[in-house]
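> Curious how this folds, go ahead:
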Amino acid sequence: MLQELDELPAGLLATDSRDLARALGGPTLIHLTGGRQPPLFVSVLLHGNETVGWDAVRALLRERIARFGEPRLPRSLSLFIGNVAAAAQGLRHLPGQPDYNRIWPGGELPQCAETQLAATVLERMTRRGVFAGIDLHNNTGANPHYACVDRLDSRSLQLATLFARTVVYFTGPTGVQSLAFADLCPTVTLECGKVGEAAGVVRARGLVDAALHLAAIADHPVAPQDIDLFHTVARMLVPPGLSLAFPPSEADLVLDPDLERFNFRELPRGTAFARLRDPSLGIGLQVLDEGGRDVASRFFHREDGEVRLRRPAMPAMLTHDLTIIRQDCLGYLLERYNDQVPGRGAGL
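The predicted model follows:
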């Protein structure tokens, strides 16, 4: 399934994400030679409806071609353009397809054409060597721009804070691109706001450009004033058998209409997330910790027909998109983790 190229096809940078399937035919890994080796690896469109990565990278390359007549990159770039079939439909992934950010080695999906594709990309890049890895995404909910890391090492955190001071450390879900590459190089996943917001494209383009210009990634601890670090402690899901809606519609679980305003806010105990129609449904949410254990009762309880926080918590990636809630999750719960930044600790 993988197409591998050593140059940009003619006209590709003028191609919208919805037309990449026609232009490329399928997932494509493009290697562009630059002034330094090893290459920077950038992945875009792992989710077909999240266009910020492709828009940012093609803007950067078009600017360099306009300036120099060729890309003339300060460092080699290996660009993986992922789920172009889903991008053609404006979808995260097609019905029956796995999520392209769950197919990478180390994940839990059974072997299939897509997991073989991801394994091939990793094998190709292992042979070439990788300077750093950047995976570019949009959010479906109202969130600040933030970076995610799977390793708490200084180089990964230095790369992350080039993008934003808000950084989230996670170890699950598995099968994500950044975690698969973490043994090769510093890796980050960048969450660049909602689709269509120009600020996200500008910021993503700036980080890729900055990374291409780096001779090395600093290995000293991130300064305390440069980072707000959070740790993902749980993932919230709606059980498949429950109907789901926002007001004024009725369903088994009716979510708070202002749910997205909770993102990256430290909420007090008692904050209501949803209303349950039937008391027999318990609290109506699955809440899985990093080990896959259901810890819903640790975080939520039912009171006066509402699903409320049992303890203070900070959510992220809450969305009003019911399709994304069903395909992925309702959102995540975070805890502050600043004492775990390398070179820092309680009392330092």
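
> Quick one, grab the pLDDT at residue 348.
On pLDDT, residue 348 comes in at 34.

> And for residue 9?
In this prediction, residue 9 has a pLDDT value of 97.

> Need phi/psi at the residue nearest to it when sequence neighbours are not counted.
Nearest-residue entry for residue 9: residue 23, 6.7 Å, with adjacent residues in sequence omitted and distances by CB to CB, 6 or more residues apart in numbering. Heads up, the C-betas are built off the backbone N, CA and C, glycines and all. The phi/psi pair for residue 23 (degrees, to the nearest 10) reads phi -70, psi -40.

> My guess is residue 23 contacts residue 12. True?
Yes - under the criterion of CB atoms under 8 Å, residue 23 makes contact with residue 12 at 6.0 Å.

> re the thing from before, distance of the residue nearest to residue 9 from residue 15?
For residue 23, the distance to residue 15 (CB to CB, to the nearest Å) stands at 5 Å.

> cool, and residue 329?
31 Å.

> Pick out whichever of the two has more residues nearby.
More crowded of residue 329 and residue 15, by other CB atoms under 10 Å: residue 329, with 19 against 16.

> what residues are up against the nearest residue to residue 210 once chain neighbours are set aside?
Using CB to CB, 6+ apart and skipping the chain neighbours, the partner closest in space to residue 210 is residue 162 (5.5 Å). By CB atoms under 8 Å, 6 or more residues apart in numbering, the contact list for residue 162 reads 207, 210-211.

> How about residue 86?
45, 47-49, 92-94, 97, 100.

> can you check residue 147 too?
Counted by CB under 8 Å, 6+ apart, residue 147 has contacts 159-161, 163-164, 166-168, 188-191.

> So which of those residues sit within helices?
Cross-referencing those against helices under DSSP state H gives 159-161.

> out of those residues, which one sits closest to residue 248?
residue 160 (40.7 Å; CB to CB).

> which residues does the closest residue to the closest one other than its chain neighbours form a beta bridge with?
Excluding its sequence neighbours, the residue lying closest to residue 160 (CB to CB, 6+ apart) is residue 147, at 3.7 Å. Residue 147 has these beta-bridge partners by DSSP bridges: residue 167, residue 190.

> And residue 147, what's its pLDDT?
Reported pLDDT for residue 147: 97.

> cool, residue 240 as well?
91.

> so which helix or strand takes in it?
Residue 240 belongs to no helix or strand when assigned by DSSP states H and E.

> What sits closest to it if chain neighbours are left out?
Using CB to CB, 6+ apart, the closest residue to residue 240 is residue 326 (8.0 Å).

> Output the contacting helices and strands for the longest strand belonging to the chain.
When the chain is scanned for its longest strand (criterion: DSSP state E), the result is strand 228-237. For strand 228-237, the elements it packs on are strand 166-169, strand 286-289, strand 314-316, strand 331-336, judged by 3 or more CB pairs under 8 Å, 6 or more residues apart in numbering; DSSP states H and E.

> Switch these over to CSV; also include mean neighbour count and distance to residue 201.
Shown next, in CSV, are the helices and strands packed on strand 228-237 (neighbours: other CB atoms under 10 Å; distance: least, CB to CB, whole Å):
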stretch, mean neighbour count, distance to residue 201
strand 166-169, 23, 18
strand 286-289, 18, 33
strand 314-316, 22, 21
strand 331-336, 20, 24
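
> Take those strands and lay them out in TSV including mean pLDDT and distance to residue 120.
Listed next are the helices and strands packed on strand 228-237 as TSV, based on pLDDT from 0 to 100; distance: least, CB to CB, whole Å:
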stretch	mean pLDDT	distance to residue 120
strand 166-169	96	28
strand 286-289	95	30
strand 314-316	95	32
strand 331-336	94	30
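
> Turn those into TSV, columns for distance to residue 196.
Below are the helices and strands packed on strand 228-237 laid out as TSV (distance: least, CB to CB, whole Å):
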stretch	distance to residue 196
strand 166-169	21
strand 286-289	31
strand 314-316	20
strand 331-336	21
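
> Between those, which one is closest to residue 249.
The nearest among these, by CB to CB, is strand 331-336 at 19.8 Å.

> Starting from the closest one, tell me which strands it pairs with and how they run.
Counting by DSSP bridges, strand 331-336 is paired with strand 228-237 (antiparallel), strand 314-316 (antiparallel).

> any idea of the pLDDT on the residue nearest to residue 9?
98.

> ok, now how distant is it from residue 16?
10 Å.

> do the same with residue 185
Distance from residue 185 to residue 16, by CB to CB: 30 Å.

> out of those two, which sits in the busier spot?
The neighbour count for residue 185 versus residue 16, taken as other CB under 10 Å, is higher for residue 185 (19 against 13).
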